[in-house]
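>>> Structure here, sequence nowhere to be found:
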């Protein structure tokens, strides 16, 4: 993996130098904060109502309810921000011609890709860390469910891997960043909601659609149900798109 | 050091280069010369492992571009044609990135970037954002990144394009200083530049090599006749006839403009100057000027790359 660190540092630096990251980061924290507030007030209202019926309230964790809804909302926001964070990675490199430098430096295509992908994930982890204080604060007020929280963040991280790998692939398809963002946003939306089509499809097609639905697997994981099938789904999903990106790189070389 | 054997590259149905073969020895400075679109950049991109050839072999230091791409890239410093750079990084940060990509060890990176910054005269601009630099400085940054990690082979694609005359002179001086023990391959469509810098010229046109030799040899080989310019005062018809009847003279033309100016084409293997001079004095003319006219590289280039063979040396 020669050149991984060089590319990783350059990408991270480029990310922090570009206004896109700050605008996207600000919007991410703003929108997730709004949802945080809204969900918290809804959950509180619900807990007041349910407190009248202690027999139902028994065994229900308000924190769990709150956290699951919050993670669900974060995953929706990610549908919007992932294309914005990944759109420039290869598109800009091709537009400015700097891909020629990367292709002629003694670094492998895989190392370049790994550097870009990891830099993107690191930036995302920093954004995600911005939501932690609120979540920890709320947890401390209730009985903390650290396992659930760790599992939720793990699920969001895996989802990030999947979204970014698809986004990076989309950014290799064009020199234009906006087109790249539109392609990845479109694909992500389709893969997110494809499970809904299950009801109108036959049993076989329906189960396939449900399996490729990104949302379905996220739902399980964010509940705290660690199922290897869901984890494998995200790993394979990411690996598939990273592989396509590498193929796309060698295709550039041949086409010149 | 660099070998190409039957290199061919097609972009779809369009052949960029066809069956190009050449060899460059270690330590040579070689110029790739050709009009725009002749295939210079394509050949260079194959040698720098940017893209593979459609067919043919290319080797750098005995290593094949297809099999040992990474090892070759380690040995080559490459300045691409339009000097692509990361516009949002500072010069220093970009060079640090380039150095670490090229495998310079972490503790040497600082010294190494410092070295190329001063070699390319970038000290004052080292902390500026590349996007704000002028064309000349961008070119220097491009050269600086090519020099990182002291490569054995330098490949410069149109290194002086878009620079102003002083910058061009500086750039040439820089390139000349870089030669020595390094192998340098540079492409250009500016002829005097190649003539000045390079020991050998490869002229390429429409994807094929049309000539390979030193600038001096190319000039003498392609001269079918040697031309002598003579200016005399008080010339007569008799002088012209006498010269025409000399053995070895092919053609004489004369322009009278107060003084007479003869252009005498002679057999290139004979130096006729002294005989012509004594003839002129014999005929009672005042000899004002006598010299041989060398074809410039430009003339040869025009002969080789234009289909019309009539275009020949124009007097400078």
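Perfect, thanks for sending it. Because the structure is predicted, anything quoted here is derived from the model rather than measured.
>>> so how many other residues sit close to the residue of chain B at minimum distance from chain A?
Per CB to the nearest CB, the residue of chain B with the smallest distance to chain A is residue B:84, at 3.3 Å. To be clear about C-beta, it is placed using only N, CA and C from the backbone, and glycine gets the same treatment. Residue B:84 has 19 neighbours, counted by other CB atoms under 10 Å in any protein chain shown.
>>> Quick one: residues contacting the nearest residue to it once chain neighbours are set aside.
Of all residues beyond its chain neighbours, the one nearest residue B:84 is residue A:97 (3.3 Å), with distances taken as CB to CB, 6 or more residues apart in numbering or on different chains. Applying CB atoms under 8 Å, 6 or more residues apart in numbering or on different chains to residue A:97 gives the contacts B:80, B:82, B:84.
>>> now with 10 Å?
Counting by CB atoms under 10 Å, 6 or more residues apart in numbering or on different chains, residue A:97 touches A:175, B:80-85.
>>> now do residue B:11
Here residue B:11 is in contact with A:255-256, B:42, B:51, B:54 (CB under 10 Å, 6+ apart).
>>> phi, psi of it?
Geometry field for residue B:11 lists phi and psi as phi -100, psi 100, criterion degrees, to the nearest 10.
>>> Ok, residue B:23 next?
phi -140, psi 140.
>>> any idea how far residue B:54 is from residue B:183?
Remark: distance between residue B:183 and residue B:54 (CB to CB, to the nearest Å) = 25 Å.
>>> For these two, indicate the residue with more neighbours.
Between residue B:183 and residue B:54, counted using other CB under 10 Å, residue B:183 has the larger neighbour count: 23 against 16.
>>> hang on, the earlier thing: what about the residue of chain B closest to chain A, which helix or strand?
Assigned by DSSP states H and E, residue B:84 falls within no helix or strand.
>>> mind listing what residue B:78 touches?
A:100-101, A:103-105, B:44-45, B:47-50, B:142, B:145-146, B:151, B:153-157, B:185.
>>> Would you verify that it is located in a strand?
Yes. Counting by DSSP: H, G, I helix; E, B strand; the rest coil, residue B:78 is part of a strand.
>>> Now the residue of chain A found nearest chain B: which helix or strand?
Closest to chain B within chain A is residue A:97: 3.3 Å, counting by CB to the nearest CB. Assigned by DSSP H and E, residue A:97 belongs to no helix or strand.
>>> do the same with residue B:186
Using DSSP H and E, residue B:186 maps to strand B:183-188.
>>> repeat for residue B:9
Residue B:9 belongs to strand B:2-11, assigned by DSSP H and E.
>>> Buried ones in that strand, by neighbour count?
Neighbour-count burial for strand B:2-11, counted by 16 or more other CB atoms under 10 Å in any protein chain shown, picks out B:2-4, B:7-10.
>>> restrict those to contacts with chain A.
B:9-10 (CB under 10 Å from any CB of the partner chain).
>>> hang on, the earlier thing: may I ask which of the contacts of residue A:97 has the most neighbours?
Top of the contacts of residue A:97 by neighbour count (other CB under 10 Å): residue B:80, with 25 neighbours.
>>> I'd assumed residue B:138 was in contact with it.
No. With contact defined as CB atoms under 10 Å, residue B:80 does not reach residue B:138; the gap is 11.7 Å.
>>> residues touching the nearest residue to residue A:77 once chain neighbours are set aside, list them.
Once flanking residues are discounted, residue A:77 sits nearest to residue A:31: 5.4 Å by CB to CB, 6+ apart. Shown in contact with residue A:31 (CB under 10 Å, 6+ apart): A:73-74, A:76-77, A:80-81.
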